[in-house]
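*Asks:* here is a sequence together with a model predicted from it:
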Amino acid sequence: MKNTHKQNLLIAALLATTSFYAAAQNMQAMPAMSHHHAEHAEHAGDTIGQPGAAGKVTRTVKVDMSDNMRFTPEKLQVKTGDTIRFVVSNSGKIRHELVFGNEAQLKAHYAAMLKNPEMEHADDNQITLEPGKSGELIWQFTQTGTVNFACLQPGHYDAGMKGSVTVASGDSTHKH
């Protein structure tokens, strides 16, 4: 009887240790899964622009995201200071997103998405849409250069679901 009691205590101790270890490992993984990438948006804001104000929109651009892993249009031209209202639609049957960033930021974010496919986003520089849904993203382009955008859902970036905005110097030609 004593051996059975000792065995039960040993099993209970092993289970408790294993459970504690598993819980600790899970807690380390959880921040990555619920991480909202706010720092990506903050760092990106230095070169890609900033969230725009609805009252300062200079132009509206409709963007379609489809299951052929393309944005339509995939290339845009704007001028510094332009505030664009992107009316984004997901005409596909799977989730898509549009995320602004430079090439390095998008690649790093995509690598994180591959490790944590269920990661949720809540950044000002992106919009995620379920199939058949539409939404808006208002963005002000503050510096000349190229601002990239991509769908960072696993597999989509590698399939070529990306585009770019060329930002030219000058005042906006569209004033409201």
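*Replies:* Ah, there it is.
*Asks:* for Asn148, see how far away Asn102 is.
*Replies:* To Asn148, Asn102 is 6 Å away according to Cβ to Cβ, to the nearest Å. C-beta coordinates here come from the backbone N, C-alpha and C atoms, glycine included.
*Asks:* tell me the mean pLDDT over stretch 157-166?
*Replies:* Averaged across stretch 157-166, pLDDT comes to 95.
*Asks:* show me what that stretch is in contact with.
*Replies:* 65, 69-71, 73-78, 96, 100, 106-107, 110, 141, 146-151 (Cβ atoms under 8 Å, 6 or more residues apart in numbering).
*Asks:* walk me through which strands the strand or helix carrying Ile84 pairs with, and which way each runs.
*Replies:* Using DSSP states H and E, Ile84 sits in strand 83-90. If you go by DSSP bridges, strand 83-90 pairs up with strand 59-66 (parallel), strand 134-140 (antiparallel).
*Asks:* how about the ones you listed in CSV, adding mean pLDDT?
*Replies:* Putting the strands paired with strand 83-90 into CSV (pLDDT from 0 to 100) gives the following:
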stretch, mean pLDDT
strand 59-66, 98
strand 134-140, 97
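*Asks:* now render the ones you listed as a markdown table, adding mean neighbour count and distance to Asn90.
*Replies:* Formatted as a markdown table, the strands paired with strand 83-90 follow (neighbours: other Cβ atoms under 10 Å; distance: least, Cβ to Cβ, whole Å):
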| stretch | mean neighbour count | distance to Asn90 |
| --- | --- | --- |
| strand 59-66 | 17 | 5 |
| strand 134-140 | 18 | 7 |
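*Asks:* quick one: closest of these to Thr128.
*Replies:* Minimum separation from Thr128 across these (Cβ to Cβ) falls at strand 134-140, 8.5 Å.
*Asks:* list the contacts of the helix or strand following the closest one.
*Replies:* Sequence-wise, the next helix or strand downstream of strand 134-140 (DSSP H and E) is strand 145-150. For strand 145-150, the surrounding residues in contact (Cβ under 8 Å, 6+ apart) are 47-49, 71, 98-103, 106, 110, 141, 156-157, 161-167.
*Asks:* filter the residues you listed down to the buried ones.
*Replies:* When those are checked for burial by 16 or more other Cβ atoms under 10 Å, the buried set is 48-49, 71, 98-102, 106, 110, 141, 156-157, 161-165, 167.
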